[in-house]
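S.K.: A predicted structure for the sequence below; I have some questions about it.
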Amino acid sequence: MKTLATLALAALAFGSVSAQEKEAKLKVLSDIKFSGYIMSQYQYSDKESNKGEKDINSFNIRMVRMALEGRVAKDFYWKAQLQVNGNTSNLTVAPRMVDAFAEWQKYDAFKVKAGQFKRPFTFENPMHPITQGFMGYSQNVLKLAGFSDRNGEHASNGRDIGVQLQGDLLKANDGHHYLHYQVGVFNGQGTNMKDVDQRKDIIGGVWVAPVKGLRIGAFGWTGSYARKGTWTEVDANGNAVAKNGVRSLEKNRYAISAEYAAHDWTVRSEYIHSQGYGFKTSNASGKETDCTINYAAGDKADGFYALMIAPVISKKLYAKARYDLYRPQADWHTSKTQYEIGANYWIGKHVMIAAEYARVNDRSLNKSNYNMFDLQLDVKF
């Protein structure tokens, strides 16, 4: 009898432990959130290239993303996000991992993030592409923050692999913080790529918020972008000499930013300056070995934008306008300027219809002025 009683108690204890483990597993699963969005697009343009080609009109799936996120042990937040539209031909348009990181968030003043995530550069880069509000990110952000970067890096959606520290300091009575800082160390090669030249990018920013909704900030970025491959150099005698190995290009950038986002209004402006040459070809496949430098494009570029999104019917209908300038050689002879107006209409909290007209002046084209129209249906889930 004593033996039977002992076995019965052991079975009850085992059953209790199993139930607790199941409950813990269910709790972890309940903390995981699945989300995503679809951005469908129609775009018309009467642009005429210098070769006489015309872009007329096209439907497009601008973006489809799916994400899982959650918490572990209360203080750790994690996220994994995939971009699933495109094909499997190259890193630019293939289905791929865009986010994969964890962040320790125990203290507001000191958080640590590691993995693949947005570079801490500019206000606009980390914004959700739907709530950013326009048919695309501003030109200077696209070219100088790691989207379709001028240095030849594959399209990386503003992201890289590394470690970042950030925090909010000096909390006000209304709940906002007067000061924010962020600084990170990254490979410098963009998404889903290991370091090539064993050098690291250092990117950081700081902003002050004197009142709730207003941010004034500055950002800095120094590092390199590298490839392993071949190129040709001219020696002192004028002879062409074939070279091979790792070739690194310097990357030095800064941004000055300001934003007011409160009472259903958004006003934002940013200037970005870049110093450093780019490679002649884009590394769309992730395997590009042509290390020829595009000296003709120069080693400087800059851009500026200013935008406003104003409520017509609060939480539903918004009017918008943007001035968007990019100078690929930091001068005016190849500048591209977009003058944009449009409207965003929200159907509930998860569906937005966005329409936009742009008058474009691109001085690199023989026919420098043309028109664009963009219509999008965006769904969040």
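M.R.: Great, that's in hand.
S.K.: who's in contact with the helix or strand where Trp346 lies?
M.R.: Using DSSP states H and E, Trp346 maps to strand 336-347. Residues outside strand 336-347 that contact it (Cβ atoms under 8 Å, 6 or more residues apart in numbering) are 133-135, 139, 309, 312, 315-328, 352-364, 372, 374. Any C-beta I mention is one placed from the backbone N, CA and C, and that applies to glycine too.
S.K.: if we go to 6 Å?
M.R.: In this structure, residues lying in contact with strand 336-347 by Cβ atoms under 6 Å, 6 or more residues apart in numbering are 316-322, 324-326, 352-362.
S.K.: C-terminal to it, what's the next element?
M.R.: Immediately after strand 336-347, counting by DSSP H and E, sits strand 351-362.
S.K.: got any ranges where the stretch 1-150 of the chain has weak pLDDT?
M.R.: Low-confidence segments of the stretch 1-150 of the chain, defined by pLDDT under 70, span residues 1-30, 53, 55, 87-93.
S.K.: in this structure, which spans are helices?
M.R.: 2-30, 139-144 (DSSP state H).
S.K.: export the last one to CSV, keeping only CA atoms.
M.R.: In CSV, the C-alpha atoms belonging to helix 139-144 read as follows (Å, rounded to 0.1, in the frame of the first residue of the first chain):
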residue,chain,number,x,y,z
GLN,A,139,14.7,60.6,-52.4
ASN,A,140,17.5,61.5,-49.9
VAL,A,141,16.4,58.7,-47.6
LEU,A,142,16.2,56.2,-50.4
LYS,A,143,19.7,57.1,-51.7
LEU,A,144,21.6,57.9,-48.5
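S.K.: summarise which helices and strands that helix is packed against.
M.R.: Contact partners of helix 139-144 among helices and strands, from 3 or more Cβ pairs under 6 Å, 6 or more residues apart in numbering; DSSP states H and E: strand 265-275, strand 317-327.
S.K.: reformat those strands as TSV; add distance to Ser58 and mean pLDDT.
M.R.: Output for the helices and strands packed on helix 139-144, formatted as TSV (distance: least, Cβ to Cβ, whole Å; pLDDT from 0 to 100):
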stretch	distance to Ser58	mean pLDDT
strand 265-275	29	98
strand 317-327	21	98
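S.K.: thinking again about what came up before, now the buried members of the contacts of strand 336-347.
M.R.: Neighbour counting with 16 or more other Cβ atoms under 10 Å marks 318, 320, 322, 324-326, 352, 354-356, 358, 360, 362 as buried within the contacts of strand 336-347.
S.K.: make TSV from those and add distance to Val163 to it.
M.R.: Shown next, in TSV, are the buried ones among the contacts of strand 336-347 (distance: Cβ to Cβ, whole Å):
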residue	distance to Val163
Tyr318	37
Lys320	36
Arg322	34
Asp324	32
Leu325	34
Tyr326	30
Met352	34
Ala354	35
Ala355	41
Glu356	37
Ala358	38
Val360	40
Asp362	39
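S.K.: of the residues you listed, which is the nearest to Ser248?
M.R.: Within these, proximity to Ser248 (Cβ to Cβ) peaks at Tyr326, which comes in at 24.9 Å.
S.K.: which residues does Gly36 contact?
M.R.: Gly36 neighbours (Cβ under 6 Å, 6+ apart): 65-66, 381.
S.K.: from Leu179, how far off is it?
M.R.: Per Cβ to Cβ, to the nearest Å, Gly36 is found 34 Å from Leu179.
S.K.: same question, Ser224
M.R.: Applying Cβ to Cβ, the value for Ser224 to Leu179 is 30 Å.
S.K.: who's more crowded, those two?
M.R.: More neighbours surround Ser224 than the other of Ser224 and Leu179, with 21 against 14 (other Cβ atoms under 10 Å).
S.K.: just list whatever residues bridge to that one.
M.R.: Ser224 has these beta-bridge partners by DSSP bridges: Glu250.
S.K.: that one reaches Arg199, doesn't it?
M.R.: Yes: between Ser224 and Arg199 there is a contact at 4.8 Å, judged by Cβ atoms under 6 Å.
S.K.: what's the overlap in contacts for the two?
M.R.: Counting by Cβ under 6 Å, 6+ apart, no residue touches both Ser224 and Arg199.
S.K.: centroid residue for the chain?
M.R.: Centroid-nearest residue in the chain, with Cα atoms, centre = their mean: Gly158, separated by 3.1 Å.
S.K.: that residue contacts Phe117, doesn't it?
M.R.: No: using Cβ under 6 Å, Gly158 makes no contact with Phe117, being 9.4 Å away.
S.K.: shouldn't Asn50 be in contact with Asn366?
M.R.: Yes: Asn50 lies in contact with Asn366 (Cβ under 6 Å); the separation is 5.2 Å.
S.K.: and Asn57, how many neighbours does it have?
M.R.: Around Asn57 there are 10 other residues, counting by other Cβ under 10 Å.
S.K.: again but with Ala80, I slipped
M.R.: By other Cβ under 10 Å, the residues close to Ala80 number 17.
S.K.: returning to that earlier point: wait, what's in contact with the nearest residue to the residue nearest to the centre of the chain once chain neighbours are set aside?
M.R.: Excluding its sequence neighbours, the residue lying closest to Gly158 (Cβ to Cβ, 6 or more residues apart in numbering) is Asn125, at 4.3 Å. Shown in contact with Asn125 (Cβ under 6 Å, 6+ apart): 118, 141, 145, 158.
S.K.: highest neighbour count among the residues you listed?
M.R.: Using other Cβ under 10 Å as the neighbour criterion, Ala145 leads the contacts of Asn125 with 29 neighbours.
S.K.: run through the residues that contact it.
M.R.: By Cβ under 6 Å, 6+ apart, Ala145 lies in contact with 121-122, 125, 158.
S.K.: how far away is it from Tyr44?
M.R.: Distance of Ala145 to Tyr44, computed by Cβ to Cβ: 27 Å.
S.K.: tell me if I'm right that Trp231 and Ile293 touch.
M.R.: No: counting by Cβ under 6 Å, Trp231 does not reach Ile293; the two are 7.5 Å apart.
S.K.: return every residue with contacts to both of these two.
M.R.: The contact sets of Trp231 and Ile293 do not overlap (Cβ under 6 Å, 6+ apart).
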